[in-house]
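**Q** Sequence and predicted structure below; questions after.
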Amino acid sequence: MQLTKEENEMLDGKYGEAVQKSMEILVAMGECYDAEKMITVASAHLLHGRSNTGKAGALFDKEMADRGGKCVIFTDTNPSGIEPWAWKDIGISEEAAQEQMDYTNDFVRMGIFLANTCTPYLIGNVPRVGEHVAWSESSAVPFVNSVLGARTNREGEPGSLTAAITGRTPAFGYHLDQNRYGDLRISVTAKLKEPHDYATLGHFAGKVAEDRVPVLTGIPPSVSWDDLKLMGAAAATSGSITLYHVVGITPEAPTEEAAFGPKKPRETFEFGEKELRETEESLSKATAREVDMVIFGCPHASIGEIRDIARLLSGKKLKSGVELWILTPRMIWLYAEKMGYLNIIEAAGARILCDSCPICMSQGFLKGRGHKTVATNSAKMTYYIYPHQGLLPYYGSMERCVEAAISGIWR
């Protein structure tokens with residue numbers, strides 16, 4: 001790799017042990033992917049759930065903090081494994097809470113902003129078009145690339161932290177123009193009426209595209225950030241999509257020709273009413289009609305989604321024995337409180353949880369609380385909830401999920 005004078009000085013240890021170790025890792029990564037040089041990055045987003053990073057990841061982060069590592073670019077965090085103000089209330093053990101808090105302290109020592117959300121773009125971390133960043137989190141990465149038009153690979157914990165400490169990342173993958181062109185076309189002919197329809201489309205796209213770049217045509221210009229958030233999260237889960245192009249929406253894909261560039265689409269898939277119906281049905285794995293858990297906010301809910309849930313819950317009560325959780329960033333929780341949505345939601349017996357996510361909590365935590373079946377409008381959640389928490393999912397619209405929370409029955 002061709003390193004600048006400053007980068008060679010980082011590698012030689014001029015700027016301290018943490019910077020040196022970080023540059024050694026980045027150079028090794030670059031050589032693995034035949035990168036010719038480093039590029040500067042504007043921000044980083046790190047995994048923060050102790051159960052996600054595992055013991056090895058936690059030890060690595062602690063070592064970097066102990067070596068004096070400091071972030072030289074804006075760096076924030078994904079959800080943690082606990083709700084800091086409610087971990088006792090929901091039954092998280094003191095041991096698990098302390099383990100997470102110790103891990104969090106290592107992040108604080110390195111100057112990392114504790115956003116604790118998988119949707120940092122909802123609370124102000126919004127990379128510019130064409131800007132290079134180093135982000136972890138499967139749902140945030142395609143949003144950065146495909147909706148915001150910035151550039152990132154799907155980073156792991158070492159890649160994003162070392163980028164945060166050096167302000168560099170190797171120039172390979174989706175940082176390069178030639179790797180960002182579309183590979184296949186998905187022609188959307190189904191009428192997408194609800195946000196979860198976009199999540200269903202995302203699940204389909206991930207299945208057919210796998211790790212390639214799909215170009216989606218037929219999506220209306222009225223598509224919202226919430227729709228695209230759910231779609232990208234699903235596509236990154238059922239496949240490993242890092243970038244997709246929505247013609248007319250993705251900044252670098254104003255036309256289909258621009259999306260494919262010099263390439264020709266290898267395949268074309270149709271997503272019609274049949275595919276919409278069959279894909280949605282495939283995401284429900286539960287067989288018992290009783291529902292004892294409802295989860296919204298995977299990825300973390302926007303203030304608009306919280307408003308809609310509050311409207312559906314207004315004047316109603318959850319069925320005894322059923323819990324409804326809405327997951328959101330702390331800043332949006334404060335907004336919901338000011339708008340009066342929090343009072344409506346809590347009066348119905350539901351709750352808004354911040355900073356965390358069941359997928360970041362210890363494995364089997366929800367099953368250990370006695371839950372068996374969960375209803376959700378998140379295709380990503382249906383993918384993770386059984387292997388990680390042992391709950392069988394029902395999948396459908398927000399309205400259908402709220403009705404299940406009120407009746408205790410999936411209809």
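**A** Good, I have the coordinates. Numbers count the residues shown, from 1 in each chain.

**Q** List the buried residues for the helix or strand of the chain with the lowest mean pLDDT?
**A** The weakest-scoring helix or strand in the chain, judged by mean pLDDT, DSSP states H and E, is helix 50-66 (a mean of 87). Neighbour counts using 16 or more other CB atoms under 10 Å place 50-53, 57-58, 60-62, 64-65 of helix 50-66 among the buried residues. All C-beta atoms are positioned from the backbone trio N, CA, C, and that covers glycine.

**Q** quick one, strands of this protein?
**A** 38-40, 43-46, 74-77, 134-135, 168-170, 184-188, 214-217, 245-246, 268-271, 293-296, 323-328, 351-354, 373-376, 392-395 (DSSP state E).

**Q** Spit out the contact partners of the residue most central in space within the chain.
**A** Note on the chain: the residue nearest the mean C-alpha position is residue 139, at 3.0 Å, using CA atoms, centre = their mean. Residue 139 makes contact with 118-119, 229, 232-233, 236-237, 299, 380, according to CB atoms under 8 Å, 6 or more residues apart in numbering.

**Q** Using CSV, please lay out these together with distance to residue 277 and neighbour count.
**A** Below are the contacts of residue 139 laid out as CSV (distance: CB to CB, whole Å; neighbours: other CB atoms under 10 Å):
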residue, distance to residue 277, neighbour count
118, 28, 32
119, 29, 27
229, 23, 30
232, 22, 32
233, 21, 31
236, 23, 25
237, 20, 23
299, 24, 27
380, 20, 26
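
**Q** of the residues you listed, closest to residue 356?
**A** Closest approach between these and residue 356, by CB to CB: residue 118, at 10.4 Å.

**Q** Just to check, that closest one is in contact with residue 78?
**A** Yes. Using CB atoms under 8 Å, residue 118 is in contact with residue 78, at 5.6 Å.

**Q** Now for those two: what residues contact both?
**A** Common neighbours of residue 118 and residue 78, using CB under 8 Å, 6+ apart, are 137, 140.

**Q** circling back to that earlier point, can you redo the strands of the chain as a markdown table, where the extra columns are distance to residue 342 and mean neighbour count?
**A** Formatted as a markdown table, those follow (distance: least, CB to CB, whole Å; neighbours: other CB atoms under 10 Å):
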| stretch | distance to residue 342 | mean neighbour count |
| --- | --- | --- |
| strand 38-40 | 41 | 18 |
| strand 43-46 | 27 | 29 |
| strand 74-77 | 23 | 22 |
| strand 134-135 | 29 | 29 |
| strand 168-170 | 39 | 27 |
| strand 184-188 | 36 | 21 |
| strand 214-217 | 36 | 25 |
| strand 245-246 | 33 | 25 |
| strand 268-271 | 37 | 16 |
| strand 293-296 | 14 | 26 |
| strand 323-328 | 10 | 24 |
| strand 351-354 | 6 | 22 |
| strand 373-376 | 21 | 26 |
| strand 392-395 | 26 | 23 |
